[in-house]
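Asker: Attaching a predicted model along with its sequence, questions to come.
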Amino acid sequence: MITVFIIDDHKMVIEGLKLLLKDEKDIEVVGHEYSAWAAYEVLPKIQPDVVLLDINMPEINGIDACKHLTALIPNLKIIAITMHKEASLIKMMLANGAKGYVLKNAGKNELVEAIQTVQKGKMFLDEISNEIVINTMSNSKKKNTNAALFPKLSRREKEVLKLILDEHTTQEIADKLFISFGTVETHRRNMLIKTGTRNTAGLVRIALEYELHK
C-alpha cells in the first residue's frame, strides 16, 4: 500500500484528489493540510510514502516547501501538483527534491502512474510537462541562451511589475490599475513563484536582469 499525503490550500482540489484515488487498491490517502507550515508538524509523525504538493500557496510556496520537506524527511517522495507550466518552475521543483511534476488538468491515470512511479524511486513528468522540458532543452541548444528558461508573465503581471519597478506601493498600484489591494498581492505572489524569488527585492533583480517587464 502506497500512503499519500496532500498539501494544497484549496479544499475542492484536495477533495477532488481524494476522490480520484479513492478506489485505487494500492494507494491510500492518509491525510492533508492546507499549508506547508501545518504539514511540517504532522508529516514526521505520519511518514507517508508520497506527498502531492501544490506550488502556489500562501505563507510559503511549494518550491521552498519541497526543499524543506525533503530535508526534514529524506526518503519522502514529492510530486508537484500545479497549474503552472513554466519550464523554470519544473526545473526548480526537481532541483529542490521533487520526484514528479503533474499538471492539475492531467487525468486520473497519469496521477496514479506518477504515484506508482515515484514510489519505485523513478522520476515522473506528465505528458505536457515532459514535452515542455524537452522543448526547452532543444531550444536552449539551438539558441545557446537561457532565454527559453525565462518564466512567462501575464499582461496584468507585467503591468504590476512595471509599477513595482517604479517604486509604487501596493495601494498605489491598486489605485492605478483599478484593482483591489489583495489582487495586487496575488499577482506579486504569483510572480515570486514563477521567478523562484523569495521577496520583492529578488523579483526586481530578476526582472531587470531578464527584462521580464517588457
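Answerer: Received the coordinates, thanks.

Asker: in stretch 21-32, what counts as buried?
Answerer: Leu21, Glu24, Ile27, Val29, Gly31, His32 (16 or more other C-beta atoms under 10 Å). All C-beta spots, glycine's among them, are computed from the backbone N, C-alpha and C.

Asker: wait, what's in contact with the second one?
Answerer: With contact taken as C-beta atoms under 8 Å, 6 or more residues apart in numbering, Glu24 is in contact with Val112.

Asker: Please state the backbone phi and psi of it?
Answerer: When read as degrees, to the nearest 10, the backbone of Glu24 gives phi -80, psi 120.

Asker: What of the fifth one?
Answerer: According to degrees, to the nearest 10, the main-chain angles of Gly31 amount to phi 170, psi 170.

Asker: which secondary element of the chain has the worst mean pLDDT?
Answerer: Lowest by mean pLDDT, DSSP states H and E among the helices and strands of the chain is helix 127-143, with a mean of 65.

Asker: Leaving out chain neighbours, which residue sits closest to the residue nearest the centre of the chain?
Answerer: The centroid of the chain falls nearest to Ile55 when counting by C-alpha atoms, centre = their mean (2.5 Å). Of all residues beyond its chain neighbours, the one nearest Ile55 is Gly62 (3.6 Å), with distances taken as C-beta to C-beta, 6 or more residues apart in numbering.

Asker: neighbours around that neighbour, how many?
Answerer: By other C-beta atoms under 10 Å, 27 other residues sit near Gly62.
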